[in-house]
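>>> Okay, predicted coordinates and the sequence, questions at the end:
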Protein chains: 2
Amino acid sequence: MKKIWIKNATILTMENEELIYKSNLYIQGNTIYHVGDKLSDFDANKIIDANNNLVMPGLINAHTHVAMTLFRNMADDLNLEDWLFNVIFPLEDKLDRKDIYNGAKLGIAEMIASGTTSFVDMYFFEEQTARAALEMKIRGFVGHGIGSNKLESRYQRSLDLLNEFKDKNDNLITPIVAPHAIYTNTKESLKATKELKNKFQTLLTIHLNESQNELKSVQEKFNASPFEVAHEANLLDENTIVAHATHLNEKDIQIIKNTKVSLVHNPVSNLKLSSGIMDVQNLLNQGINIALGTDGAASNNILDMFESMKFASLLAKIKNYKPTDLKAFQVLQMATTNGAKAVGMENKLGKLKKDYLADLIIVDINNFNHFPQNNLINSLVYSTSSKDVITTIINGEIVYDNKQILIESFNYPKLKEEINQTLERIQESN
Amino acid sequence: MKKIWIKNATILTMENEELIYKSNLYIQGNTIYHVGDKLSDFDANKIIDANNNLVMPGLINAHTHVAMTLFRNMADDLNLEDWLFNVIFPLEDKLDRKDIYNGAKLGIAEMIASGTTSFVDMYFFEEQTARAALEMKIRGFVGHGIGSNKLESRYQRSLDLLNEFKDKNDNLITPIVAPHAIYTNTKESLKATKELKNKFQTLLTIHLNESQNELKSVQEKFNASPFEVAHEANLLDENTIVAHATHLNEKDIQIIKNTKVSLVHNPVSNLKLSSGIMDVQNLLNQGINIALGTDGAASNNILDMFESMKFASLLAKIKNYKPTDLKAFQVLQMATTNGAKAVGMENKLGKLKKDYLADLIIVDINNFNHFPQNNLINSLVYSTSSKDVITTIINGEIVYDNKQILIESFNYPKLKEEINQTLERIQESN
């Protein structure tokens, strides 16, 4: 069994706002064995000297579409309709399974290298994303997007994904149900979705109340808000993860509180597509669980949770003109403990604590942007670059160290070549 | 004479939106000698293989207070009044010349390492910032802050700075006039400021229309907007650099257009202190020159122009709910050519062009965040990390390469030690 001892660490456990200095963290198998004083009887087969760098829980990216890294910087500065209908959809139509697998691998590599250890994903050919996640040894909560268009095949793919991965006791992949949104569904397809959720008793993720256009079109189609429609379709409960929620009325907020869904704030995407700014602080104040996400690379353009933390905090300060809103530690909670709660693993993920899963990162704090070290917790939100991540451990495995992805099968030159071929193919035929 | 040949470069000259691939850039002395085809008769004494990485003009940070890096992460998540009167001002009162020198050196090191080659600065003991800039070989436009409080000594220090550096023909340091703001000045102190500007015929920088509280207090004191007061005091012309301008009425905009001042957008600081969001796209559309700044580390908390570019573009997209606003190339112009125009050097800085000053950076684009390379220009704003900067050249000197500051006198361990002593001293006596 793998036994790792990390020594000389400054540790942020996320159990509270305290840092532990010159301390130790022990990993046994895929689990944290001990945090704190040095153990005399731990027979480590791998010792990592943290060199006084900072150790913290790995970040949980609660909303993304990893395979969309294929489209990075391809559809910028566009209106949402242009973006979606004239660029993204036509390109997506041409992607095959292998393309999704490669795109997912690239996105996962980027996430691992920037401190993300878990992600919640919705896309198509999602079994390929699951496969890529397994291979890259990252924790993935993956759902095949369901919409009314081509419902039958989408339903079938979703069913296949759920069946294929539901019993794999690998601890890494959780198949989930992923209706795309209300405006892309009908009552019939939402009903089918609900059946899947009931049958598999798993998480469900959906985009709701992202933009004003969406609110308008759902109002016209259903005579209700997306949240109301989703609630009526019985999709919302404490196992539901709702992305965006940038525009909410009082009724929506009541539904969120009653059903105990988790929300995911995607600040960068919400700006890039001019969607709106979630009222994060007021929603948190009402006891609502809010996690953090990057969204896909086509609307961000990087899967960088450190950047998203800074955007989240600063946007909250302008939302209600209160510089005291969304303090650094609250944002860190969004990216760790709140994310863990959203995926139903608050007793296993998001903190560095005995018996929790060993998902953690080491951040280099010996650089200009961390000096002087007046407040390291604030640093993590306001000064740390994702490029300061030097080590990423997931499920007890060191998957990234010293700027290198440590997955034997990960062949970056080959991946790049294949992705470039894909891009040539899909752009030529455009 | 130093003669540098950079080969195998992807070059963004900022003359237009085109990239030049597999190209060359030649530097002779402090000047760009040639961009483009390989020269057969250039006898380089230093050859840099850019390895297909991207070469672009160095970034111009048009508004900062570099020495405030001392306070990094020390005053976060606070109301402006708490921030200023209970944290920053009391700490500043305890700083001596050496502290400012050290703080400036640290901030300059951070800027050099993150791709900034010129900066406009306002602070006190500003001759120390000038000294640090000279030593660190960065291009600095430095002004001693003038306010009505202790006017005599501030005026004298400003005069001394202007006299000391006005004739130094080093090409690097330009002393400027720097009235802090309208709310911290009186008619008398503004008049004294104007005399300095007239006498030295140099640039002037000032904070105007940053926050709603400021507008209110200036209205009460002067019965006019900060822009109107500054205009009436004859401080505004094409050699004036105005930071912030987040709240403008029609009259203010007319003054800006008539006087041809340059504005500096500081998106991160404006969010952090809940100041407001500048209406950048509409102001640009009216022909107003807008540069980009980080502001000081106490209100940012890093001096990272790449980060500020992304914030600028994305904030503009939510300001008027238009995702097509402030496209990537426009933001790059703000950080380069518009900055050059603001400091009166549009024919010398901000572009890679024959006879322009050799201020440029090399950006590593062989990493996950730059792949696939669907659009490198967009990458620079939306995907590039300041940590991707591998080489910084200022005035023909390689000041940063391979993650190292190449200034012989720069002793980082010693600097850290001295700054830690300063922080102990000023916090103990608090």
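Structure received. Numbering: from 1, shown residues only, chains lettered A, B, ... in the order given.
>>> which ones are touching A:I277?
Residues in contact with A:I277 (Cβ atoms under 8 Å, 6 or more residues apart in numbering or on different chains) are A:T246, A:P267, A:N270, A:L271, A:L315, A:I318, A:K319, B:I318. The C-beta positions use only the backbone N, C-alpha and C, and glycine is treated the same way.
>>> Near chain B, which residues of the stretch 1-150 of chain A? Just list them.
Residues of the stretch 1-150 of chain A found near chain B (Cβ under 8 Å from any Cβ of the partner chain) are A:69-74, A:76-80, A:83, A:106, A:109-110, A:113.
>>> Mind picking the lowest-pLDDT entry from those residues?
Of all the residues of the stretch 1-150 of chain A next to chain B, A:L80 carries the smallest pLDDT score, 78.
>>> Count the neighbours of the residue lying closest to that one once chain neighbours are set aside for me.
Of all residues beyond its chain neighbours, the one nearest A:L80 is A:L273 (5.3 Å), with distances taken as Cβ to Cβ, 6 or more residues apart in numbering or on different chains. Neighbour count of A:L273, defined by other Cβ atoms under 10 Å in any protein chain shown: 26.
>>> pLDDT score for A:E81?
80.
>>> repeat for A:T422
97.
>>> wait, doesn't it sit right on A:E92?
No - using Cβ atoms under 8 Å, A:T422 makes no contact with A:E92, being 12.0 Å away.
>>> Now A:N338: which helix or strand?
Counting by DSSP states H and E, the element that carries A:N338 is helix A:337-342.
>>> Give the next helix or strand downstream of that helix.
Next element after helix A:337-342 (DSSP H and E): strand A:360-363.
>>> Quick check on the residues of the stretch 1-150 of chain A next to chain B: which are buried?
By neighbour count, with 16 or more other Cβ atoms under 10 Å in any protein chain shown, these hold A:69-74, A:76-78, A:80, A:83, A:106, A:109-110, A:113 as buried.
>>> For A:N198, give me its contacts.
For A:N198, counting by Cβ under 8 Å, 6+ apart, there are no contacting residues.
>>> And the helices in the stretch 301-430 of chain A, which stretches?
Ranges of helices in the stretch 301-430 of chain A, per DSSP state H, counting those that start in this stretch, are A:305-319, A:328-335, A:337-342, A:376-382, A:412-428.
>>> quick one, which of those is packed in tightest?
helix A:337-342 (a mean of 27; mean count of other Cβ atoms under 10 Å in any protein chain shown).
>>> Please compute how far that one lies from its chain's middle.
How far helix A:337-342 lies from its chain's middle: 10 Å, per Cα atoms, centre = their mean, to the nearest Å.
>>> Show me what it is packed up against.
With contacts taken as 3 or more Cβ pairs under 8 Å, 6 or more residues apart in numbering or on different chains; DSSP states H and E, helix A:337-342 sits against strand A:59-64, strand A:262-265, strand A:289-292.
>>> Out of these, flag the one nearest A:T184.
Closest to A:T184 of those, according to Cβ to Cβ: strand A:59-64, at 16.2 Å.
>>> which residues sit against the helix or strand just after the closest one?
Next helix or strand after strand A:59-64 toward the C-terminus (DSSP H and E): helix A:80-81. Here helix A:80-81 makes contact (Cβ under 8 Å, 6+ apart) with A:S211, A:N213, A:L273, A:S274, B:P323.
>>> and those, which are buried?
Buried, going by 16+ other Cβ under 10 Å: A:S211, A:L273, A:S274, B:P323, out of those.
>>> From these, pick the one nearest A:T384.
Closest to A:T384, out of all of those and judged by Cβ to Cβ, is A:L273, at 25.9 Å.
>>> show me the residues around that closest one that make contact.
A:L80, A:W83, A:S211, A:S299, B:K317, B:P323.
>>> gap between the worst-scoring helix or strand of chain A on mean pLDDT and the chain center?
Every helix and strand of chain A was ranked by mean pLDDT, DSSP states H and E. The lowest is helix A:80-81, at a mean of 79. Remark: helix A:80-81 is offset 23 Å from the chain centroid, using Cα atoms, centre = their mean.
>>> hey, what's the spatially most central residue of chain A bridged with?
In chain A, the C-alpha nearest the mean C-alpha coordinate belongs to A:N61, at 1.8 Å (Cα atoms, centre = their mean). When bridges are called by DSSP bridges, A:N61 pairs up with A:F119.
>>> I'd like the helices and strands packed on helix A:337-342 as TSV, with mean pLDDT appended.
What follows is the helices and strands packed on helix A:337-342, written out as TSV (pLDDT from 0 to 100):
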stretch	mean pLDDT
strand A:59-64	98
strand A:262-265	98
strand A:289-292	98
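>>> was I right about A:N239 contacting A:F200?
No - A:N239 is not in contact with A:F200 according to Cβ under 8 Å; the separation is 10.6 Å.
>>> quick one: contacts for the closest residue to A:K327 other than its chain neighbours?
Among residues not flanking A:K327 along the chain, B:D77 sits closest, at 4.3 Å (Cβ to Cβ, 6+ apart). The neighbourhood of B:D77, defined by Cβ under 8 Å, 6+ apart, consists of A:S313, A:P323, A:T324, A:L326, A:K327, A:A328, A:N378.
>>> what separates B:D77 from A:K317, distance-wise?
B:D77 sits 8 Å away from A:K317, going by Cβ to Cβ, to the nearest Å.
>>> who touches both of those two?
A:P323, A:T324, A:L326.
>>> can I assume A:L376 is in contact with A:H370?
Yes - under the criterion of Cβ under 8 Å, A:L376 lies in contact with A:H370, with a separation of 7.5 Å.
>>> Any chance of TSV for the helices of the stretch 301-430 of chain A, columns distance to B:N289?
As requested, the helices of the stretch 301-430 of chain A are exported to TSV (distance: least, Cβ to Cβ, whole Å):
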stretch	distance to B:N289
helix A:305-319	25
helix A:328-335	35
helix A:337-342	43
helix A:376-382	29
helix A:412-428	37
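>>> Mind checking those for the one nearest to B:A342?
Smallest distance to B:A342 across the helices of the stretch 301-430 of chain A (Cβ to Cβ): 24.2 Å, for helix A:305-319.
>>> Averaged pLDDT, that closest one. What do you get?
The model assigns helix A:305-319 a mean pLDDT of 98.
>>> Output the contacting helices and strands for it.
Counting by 3+ Cβ pairs under 8 Å, 6+ apart, helix A:305-319 packs on strand A:59-64, helix A:267-272, helix A:280-285, strand A:289-292, helix A:328-335, helix A:376-382, helix B:267-272, helix B:305-319.
>>> contacting residues for A:M111?
A:N61, A:V66, A:F119, A:I138, A:L303, A:M305.
>>> shouldn't the third one be in contact with A:A67?
No - the pair A:F119 and A:A67 fails to qualify as a contact (Cβ under 8 Å) at a distance of 11.6 Å.
>>> follow-up on the earlier one: between the contacts of A:M111, which sits nearest chain B?
Of all the contacts of A:M111, A:L303 has the smallest distance to chain B: 8.6 Å, by Cβ to the nearest Cβ.
>>> before we move on, the earlier item: okay if I get the shared contacts of B:D77 and A:K317 as JSON lines plus distance to chain B?
Conversion of the shared contacts of B:D77 and A:K317 to JSON lines gives the following (distance: Cβ to the nearest Cβ, whole Å):
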{"residue": "A:P323", "distance to chain B": "4"}
{"residue": "A:T324", "distance to chain B": "6"}
{"residue": "A:L326", "distance to chain B": "8"}
